[in-house]
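S.K.: Show me how the following folds:
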Amino acid sequence: MPSVKCLFAWLTMPALALLAACAHGSSDETRSEAEQELSTLYQRTCGGRLAQACFEQAERLRTGDGVTKDVARAATLYELGCNGDDVRACVALGVLKEEGRGVAKDEAEAARLYARGCERSQPEGCGHLALLYGEGRGVAKDAAQAVRLYERGCAGDDRLSCNNLGVLKLMGGFGVEQDVAAGMGMLVQACNRSLGVACLTVAREFDQGVRTRKDARLAASYFRTACGLGEKDACAFANAAVAAKPELTPVTTPEEGAKLEEIRAMCETGSGVGLGMACYVMGTAYEKGAGVAVNPGRATMFYQRACDHEVPEACGDVRRMLGLTADGTKAEAPKQSVLQSLQLDPAKTTPEKPKQSVLESLQLDAGRGSANAKPTPRASVDRWKDECRDGAGEGDACARLGDELLGGSSGLPVDAAKGMKLLEEACMKRTASACARLGSLTFFGNGLLGVQRAPLVGLVLLETGCEARDGGDACHVLGRAQLNIPGRYANAAKGMQAFRDGCFNHEDPESCSRFLRVTRQLADSGPEEVRADARRSIPAIQAQACKARVKGACKDLDQPLPKDTLRVRHLRADCDAGDPDACADLAHAYQKGDSVERDLEEELRVAGKGCAGGSTQACLWLAKRYSEKSSGGAPRDLEAAFARAEQACAMKSGDACELLETLLREHRHLGADAPQVQAARARACLYWSASWRERQCAK
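M.R.: Presented below is the predicted three-dimensional model:
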């Protein structure tokens, strides 16, 4: 393997204001006097707190920053600073001794100085010492020790260490097992620390496609970065790339720039549920050039930070940005990014959910049941735990489980932190309900749950939900947030766009109603320049609102209400595919009759299917229907009502246990002290939400 000595480029430290004593000593004393009276000069110029000043003056002398360049004088002051316990000066002096610049060449002494810096948490010292061990200069050659020192230096973010260790891992060398993913990650880290040769190596990997996938876009971007850092070999490739397809300078308003900076600060210094999402947004911004210049290296690092804070999608994006698939092999083509200009892309496909049949052993008929059924049915919340698998599984299950944890329902204690984390993970899996719930909590805050306001994160989450399947509710909340909230987060144009997306993309009745109402207001009393456009838009919005079953819009158009909406059609498909929770939601929609025509027979059918599949809510729904004196034509069936109430109560529904208590007292004529009644009441208090328990279960 060729020497990597040429990869080193010293990172000049910024010159701070110098103390007068050190400045005087460096300008008035001659070099020979300094060598003869080193101890005295140290006391005069660099004693105690002045060691830093001598290091800074030495940096200026070494580079000619505002003074006449004098490497020999710099070496003297580095030595003074090192004797004053400034380990940066020790490492800098080691570089001059290793190269023989300004002082006699002494690689053994350089190694000693590097070791002193490395041991005192100066990662640059580790990187330089590793290079000496790798080449056997000044110390005995020891490849294993070199690797260990590179690892220590890179862990401290030393760009030389990250670059050289990255090359070893990328190609395999010094006994290091080839690991393309790790190698690319370290090279990108070094590139982000402005080491041009690292950017050039990454560019060539993407250009050649030998160890990673071939990606002309990423190659061109890294060639441009390397050229800008002085790597002349990269400039020809960069110029060709610009001629073929120049990267546009991002255009952003001051408000958007300020918003992005707050998100960056939240990622770099924040904590809690929003940190991972904020880092994810910054990664996408740098990948897409949304408000900042395209920088795939920084995008990768922000994605990595998001991955470290348990944003699952970010982990895949890290490997994608490194040219790898999830299993570490090179990919043939880049994956579509989850975010697009700070918004999540809409889900293109809907994964089919597995059929649930947890109650098959009960042999329960969809319409009737036996009150003597002994096997205890499984509660929905227990099924969600299995399906969610602490966020690694199905998004819908995580969303529902997260809601239960926020409320302390179904026998679970309130756990706001875990509940919000599950909602965040579900949102990242395109579960619109989770994005809407979490977005509302973070945008508005919630004192009872201890959720601080984080409006920027809330807006991103709501945008995420609005773009997802069945995201009408998230669009509606997003529109209200940006249209009605005073202050810096108000944005009427984006609020109107959110209502439009909810109405036209999701057939959401609330979004359509708001969109139509605000458009009419603009047509009547808005600014003159928008009135005409608003008037022209009203017919199309009315037609779409009618399609979303907004009764007033259909009446104005003299059109009948459609049979159903897009969300109901999705629920029906999911219910037919075996999702019991979709069946429960569909039964609720039939009962309300606002997004679908009321159909009692179909309501009972899908509720029965959901109950048989393991939905606690569907079983409760049936119990209520069969217990009512008049349910719109449904026959009252107390035997079935008892069976379903007992079943739903056993499945941890507080409302079902309360209904069972009522049925026992009213139809079995049991008193309040009867064991069955007391047991039902006790279970209701166990399964109700924490806030409801406080009001209803004090005794």
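
S.K.: in the chain, what secondary structure element scores lowest on mean pLDDT?
M.R.: strand 339-340 (a mean of 28; mean pLDDT, DSSP states H and E).

S.K.: partners of N446 in the sheet?
M.R.: V451 (DSSP bridges).

S.K.: That one and G439: what is the separation?
M.R.: Using Cβ to Cβ, to the nearest Å, we find N446 at a distance of 12 Å from G439. Quick note: C-beta positions are derived from backbone N, CA and C, even for glycine.

S.K.: Quick check: chain neighbours aside, which residue is closest to the most centrally placed residue in the chain?
M.R.: Taking Cα atoms, centre = their mean, the centroid of the chain lies closest to M277, which sits 3.0 Å from it. Excluding the flanking residues, the one nearest M277 by Cβ to Cβ, 6 or more residues apart in numbering is V457, at 5.7 Å.

S.K.: gap between the one you found and A278?
M.R.: Distance from V457 to A278, by Cβ to Cβ: 6 Å.

S.K.: Touching both of these two, which residues are there?
M.R.: 263, 266 (Cβ atoms under 8 Å, 6 or more residues apart in numbering).

S.K.: what are the ranges of the strands in the stretch 451-600 of the chain?
M.R.: Using DSSP state E, counting those that start in this stretch, the stretch 451-600 of the chain contains no strands.

S.K.: Any stretches of it with poor pLDDT?
M.R.: 486-489 (pLDDT under 70).

S.K.: go on, the stretch 51-200 of the chain?
M.R.: 51, 173.

S.K.: Recalculate using a threshold of 80.
M.R.: Scanning the stretch 51-200 of the chain with the threshold set as pLDDT under 80 gives 51-54, 84, 172-175.

S.K.: what mean pLDDT does whichever helix or strand A234 is part of have?
M.R.: Element membership of A234, judged by DSSP states H and E, is helix 232-244. Mean per-residue pLDDT for helix 232-244: 71.

S.K.: What ranges does the stretch 201-350 of the chain have for its strands?
M.R.: With DSSP E, counting those that start in this stretch as the criterion, the stretch 201-350 of the chain has strands at 339-340, 343-344.

S.K.: pLDDT weak spots in the stretch 301-450 of the chain?
M.R.: For the stretch 301-450 of the chain, counting by pLDDT under 80, the residues that fall below are 308-313, 316, 319, 323-377, 391.

S.K.: show me where the stretch 201-350 of the chain has helices.
M.R.: 216-228, 232-244, 254-269, 273-288, 296-308, 312-321 (DSSP state H, counting those that start in this stretch).

S.K.: List the buried residues in the helix or strand encompassing A89.
M.R.: Take DSSP H and E as the rule and A89 turns out to sit in helix 87-99. For helix 87-99, the neighbour count (16 or more other Cβ atoms under 10 Å) marks 87-98 as buried.

S.K.: Tabulate those in a markdown table, adding columns for distance to T300.
M.R.: As requested, these are exported to a markdown table (distance: Cβ to Cβ, whole Å):
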| residue | distance to T300 |
| --- | --- |
| V87 | 31 |
| R88 | 29 |
| A89 | 34 |
| C90 | 33 |
| V91 | 28 |
| A92 | 30 |
| L93 | 35 |
| G94 | 32 |
| V95 | 29 |
| L96 | 34 |
| K97 | 36 |
| E98 | 32 |
